[in-house]
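[1] build me a model:
(4 chains)
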Amino acid sequence: MSISVKTFDSAAEAARALIGDRTARFMGGGTLIMRDINEGEQSFSTILLAKDQALKQIHARGEQIVIGAGVTMAEILSSRELDFLHPAARSVGGPAIRNMATVGGNLFAAHPYGDLATALLTVDASLVLAGGEQGMPLADLLREREREPRPVVMSLTVTRPQQRAFRFKKVSRVKPKGVSLMTIAANLPQQAGRISGARIAYGSMGAAPMRVPAVEQALEGKTLDETGIAQAVTVATSGVEPPTDAIASTWYRHEVAPVHLKRLLLERAS
Amino acid sequence: MTIYKGRGFACINYPIGMNLGGDPSQALVHSNPDGKFSVALSSIDLGQGMKSITRQIAAETLGVPVEDVYVDTADSDTGPHCMGSFASRGTHRVGNAVIQAAKEARAVMLEAAAEELEVNAADLETDGKGNIHVRGAPSRSITTAEASAAAQFKHGKTVAGRGIFLIPLSDVDPETGEMTPVSCYAHAALVVDVEVDDETGEVRVVQMNSAYEVGRALNPRLVEQQLVGGAWMGMSHALWETTEPYYPDRAHGPVDFNEYLMPGPGDIAPHDIAILERPAPDGPYGGKGPGEMCANPVLPAVANAVFNAVGVRVDELPITPEKVLRGIKANGGAQSQGTY
Amino acid sequence: MSVEFRKDLFADERDDNLNEIGKPTRRQDILGHVTGRSPFYDDHLFEGLLHVRCVRSPHHHARIRSIDTSEAERMPGVVKVIRASDVPNNFNTLLSLLNFGRDDEPLISDKKVAYIGEPVLAIVADTDRQARDAVAAVRVDYQVLPHVLDVEDALKPDAPVVNETYPNNTFDYHDKYDHQKLRFGDVETAFSQADKIIEGRYQMSPIEQAPIETNGAIAAPETNDRFVCYTSTQALFFSLGTTAKLLNVSSNRLHFIGGTVGGGFGGKVDSLVEPMAILACMLTGKPCRFVWDRPEEMQVGAPRGAERWYLKDGVMNDGRIIARKFTGYFDAGAYTRLSSYAIIKGTAHLPGPYTIPNVSSDVFCVYTNRTPATAMRGFGVTGVDFAIESQMDRVAQAVGMHPVELRIVNAYRDGDMKAHRREAKNCALIECAQVAAEKASWPIRDEFKRMSSLHGGGGERARIPYTVTDENGRIGERRSGGVAPRPTTVLPPATPAPPPPAVAPTPTAQPDYAHPAAAPPYTPLSPAPLGPPPATPQPSPPLTKEPAEPPARQANRPGYSRFASNSGFRRR
Amino acid sequence: MTKKPIQFKLNGADKAVFVDEGQNLLDVLRRGVGDLSPKYGCAQGTCGACTVLVDGEPYLSCLVLAQTMEGRQISTTAGLVVDGGVDPLQEAFMENFAAQCGFCTPGMLMAAKALLDRNPKPSREEVIEAISGNICRCTGYEPIINAILDAAGRGVGRRSA
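    Below is the predicted model of the structure:
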């Protein structure tokens, strides 16, 4: 089917058009959908675009930062407010991809992509959808993102992590740009030298980026040192069923997840 | 975590060309009236520098400046037959064909010059700068442009030449494999230093030192291109590449450059190269062909270095972190084989 | 990174005073490359260009019951559906141009597919997207067949037949054997005399050539009833000849233009895009473009096939390898392409750049239900070099020798006899090993630094030994289940019976360069005490024995094979 | 199929062209307006051969929906040549033998151009990062990195003995 393109002034209109049209896709930066078009993907034939400037905004309200779904990785990298997300944004693609790929698109990027989404899981990201729905936790979207109709995300709200509490590691076979073998994001707030409210997320370790509750619980109240993290490392893959793909096998991901988790946790915060 | 250092060595030889159908290539060389030459081929420049190396060979043989020669390839209406660009045959086979064609064209040019200078053509030589002069008497000279013009407008001669290079086909004995496969061999030896992470099985190539014997480096920078790029490819074959990650299972075959793994610009290792030249008796100016052999020693050298580092022999390419890690675990830990 | 020239080596064999040769002249094509003006095949614009895409098999192995194109034909932009029956001569093998091997592969397969991605139909449309849409609308009814993916499984008597031209799942060599043999000396006897036996199994992965420019061609009608074809081919006349054969058209009606190619590495020899583009052009009368996309390039385009090698070495304690035996399996995939020749080339390469007095090898070109394999940089050699040089490291470890010194001890030298029965000339392995070790500051002992490719070869090392042969592996024997051992025969030496072999020739003018004899054990771990002092050079045991009975059986040797179209060939 | 008219600037010159609705910018540049310098290597965004600058920033033209380019400024390798002279970056690529087959070269040049326009004195690591989305199969990257550093006046160069 030949492709048709519909352009809307607001994301809300685009979202309405998406409902009830299974052949339509909402396009953000295009890095995923254009590839599908180029390769003749038959599951959709209509592209929805929104010229909505709200999609491009970044603004902070105290510790809360709202990031428009149309913000690109490059725009994150030039935002001081989002400095904690820079390592994650920089890990996506090369410079050209980062000029195009958007926050919203990253939420729908299939395995092994979605490194930014992995990071966002650890900063309490919640979503504003174009239909008006607010406060949907990102984790909920990621669990059901294949389900039709796909929502149009307007923006995400994240909570700025404590100083030096956020860490990010993308394990890749190719340097400096390679797809993820495993991505780990950690938000490790501390109170009186002990971890309180840890958030750990993995990318490329399942169908979608995910939080790892077993590790989070094992870190609670612990110190960030070899002894303190020992239990967390032990349960690094508890409840995780990593896939086999062209990059690595299930076995290998299981084996090295504790290693990379441990290294990230013991890394000196920059 | 421990990073284990390891060193590996490998050396190889490489056959130049093929034993198929005589493996022929042809070349045509001709000049315009002003002594500017064209070489017509049907050989392919895949990036290895076919157009450039045959241009230099033609200029050397004709005795004219390289700027006076351009190579046109590949148009089947004008370029004569060539088997193709593979088997490291281009420099050797096509180069020889170009020499033969250029010699024939040069002879016509020198005959014309001899007639103009009223000397014997056998007493003439070219200076490579566009002049033909009497040997030992540089003042008695004529430009290649004048000689070509004279040939074409006064003497009615075509300043042109035809060349073909053929290695007689060698029969293969079904019982013993007796044959003459090719006519010359290039050589290489390479030392690779690696670091292996004993917890992840990741291997990093930290240094390559190599010696490549190429017959003659017809253009040292083009040889360098092949050796540097080829060794990178060897490293890539050793540690990264496969279309079937779980061979012989066909699942998870990569379909893009994200899944088909090759070392990125951040993975490259310093590579210090020595080039040796033992001219091949039948090579064009002794040249062999460095295009393929440059990758070959890297693969086993890396495998040997990994063994030296952690005591794991990975005999199945590519040497992925997974295979190394499985080996380390099977041995109950990394077992350094000592430092060389 | 650094590059140095070792002009001191082999200086007397070279004249370095040339005008242009040896100069770092810039590439002729470099200005075009950096300005984006170099004309690659796809850089030719045509008004009304049509686009070709293929319907491809999703199965490893299947019979095609029917193909329904009714919906596809009605789709917008579709100009032509190309079926197998549209290909004038739909059966080919690449090396048929050199009369090597039998035709075994259709351009378009409408009866049976033998690998995932095999083309069963092609569609020509106004745009690439329209062609893709129409491809998606074609319905093919497949009857899935059992498949085989492992080379050794494919050799089993009950393995599915992959390629009907070669029903034994192996290429037929010389109309006689299911593999190519190399026989030099008597490996089995030498194994029994060796101090150590070292064995290894090595597996090379399939690898994609991965040129950044994918395979492709644009064909257009010329005014004089000819066709012009801009192509990515690595072999212009190979592709032209293949096209002429498949399309049954006179070769001089084809005008091929190429030569500026965005990388090949062996992946642009197979000549699959040119015939398809020209056929589309013939059938539509319009310029047609057939370009593989990246997934096709990676998974349908032929890779360097996988290779599996088994090596067995007989080694003396001083590091000399006295026997080396190979069994090799090239995974050709579903069709022959160039794998059959790679085995010839690989066989001549054995046993590596070493002088080993007893060598034997059996190498099989095996058909499996995977993407047909083809050439890649180092074709026929890269995989076995990996095996050989990994094996050399095992040998060094087993005898406790420095890996570089072990290579130098065994290295071939000028005048040595190689296993394919030709004298080694122009050798430089020893020098490369010495220089590489020096660059890496990896000390080798002085006696090894003094050795040379120029000295110590020939003499006894030039001898062709008595050779044990056999007739195992006759075509069809394995598949019929009967692999009865056949009596071995001993071929007479090429020269009259040689004198009893001695390991080292008598030193003459330059004793330092003499053939290396026993070397002391190498101790890899530096803290370990040095090994015992070097053993006195000993003559090695005879490595070949007199034939048990007079060699007589010549009758079973069919004629040598020729791989050319010009003389002495056999039409199959 | 509906065609859409769009206008943009290509290397400073006005272009007007009809595009298919799902057509990518690479295809429009090459077949629509005849700029053959950006190359088709994958149409997946994984090789970088089609890199162009859009308003000065590197984009993968194969992943750009052409009709969104209305009014934008697009630069390609074909536009690097000014008044018949080559850009210092092109000169550095030639001098450093930084191309073999030449197919990745236009994309590589545009990635490098974007870097140097923003950061005239990049470090080696910054050069590596800048070309990390561009694949070269021939050179092993070293000559390309050296060429870009050279163009920035930071050439450490190759050592030749």
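[2] measure the residue of the stretch 51-200 of chain A found nearest chain C to chain D for me?
    Residue nearest to chain C within the stretch 51-200 of chain A: A:Val174 (13.3 Å; Cβ to the nearest Cβ). No exception for glycine: its C-beta is placed from N, CA and C like everyone else's. Distance, A:Val174 to chain D, by Cβ to the nearest Cβ, to the nearest Å: 9 Å.
[3] three-state assignment of that residue?
    coil (DSSP: H, G, I helix; E, B strand; the rest coil).
[4] list the contacts for it?
    B:240, B:261-264, B:266-267 (Cβ atoms under 8 Å, 6 or more residues apart in numbering or on different chains).
[5] as JSON lines, those with neighbour count would be great.
    Shown next, in JSON lines, are the contacts of A:Val174 (neighbours: other Cβ atoms under 10 Å in any protein chain shown):
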{"residue": "B:Trp240", "neighbour count": "21"}
{"residue": "B:Leu261", "neighbour count": "23"}
{"residue": "B:Met262", "neighbour count": "22"}
{"residue": "B:Pro263", "neighbour count": "23"}
{"residue": "B:Gly264", "neighbour count": "23"}
{"residue": "B:Gly266", "neighbour count": "17"}
{"residue": "B:Asp267", "neighbour count": "21"}
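[6] between these, which is closest to chain C?
    For those, the nearest to chain C is B:Met262 (7.1 Å; Cβ to the nearest Cβ).
[7] check the gap between the residue lying closest to that closest one once chain neighbours are set aside and C:Arg377 for me.
    Closest residue to B:Met262 apart from its sequence neighbours, by Cβ to Cβ, 6 or more residues apart in numbering or on different chains: B:Ser236 at 4.8 Å. Distance from B:Ser236 to C:Arg377, counting by Cβ to Cβ, to the nearest Å: 11 Å.
[8] hmm, back to that, so how far is chain A from the residue nearest to B:Met262?
    Applying Cβ to the nearest Cβ to B:Ser236 and chain A gives a distance of 10 Å.
[9] what pLDDT does that residue get?
    pLDDT recorded at B:Ser236 is 98.
[10] what about it, helix or strand, and which?
    Secondary-structure assignment from DSSP states H and E places B:Ser236 in helix B:220-239.
[11] take the contacts of A:Val174 and lay them out in CSV including secondary structure and pLDDT.
    Output for the contacts of A:Val174, formatted as CSV (DSSP: H, G, I helix; E, B strand; the rest coil; pLDDT from 0 to 100):
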residue, secondary structure, pLDDT
B:Trp240, coil, 98
B:Leu261, coil, 98
B:Met262, coil, 98
B:Pro263, coil, 98
B:Gly264, coil, 98
B:Gly266, coil, 98
B:Asp267, coil, 98
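[12] and which of these is nearest chain D?
    Distances from chain D to the contacts of A:Val174, taken by Cβ to the nearest Cβ, are shortest for B:Gly266, at 5.2 Å.
[13] give me every residue that touches the closest one.
    B:Gly266 neighbours (Cβ under 8 Å, 6+ apart): A:174-176, D:128, D:132.
[14] do the same with D:Phe8
    So D:Phe8 contacts D:15, D:69-74 (Cβ under 8 Å, 6+ apart).
[15] run through the bridge partners of it.
    Counting by DSSP bridges, D:Phe8 is bridged to D:Lys15.
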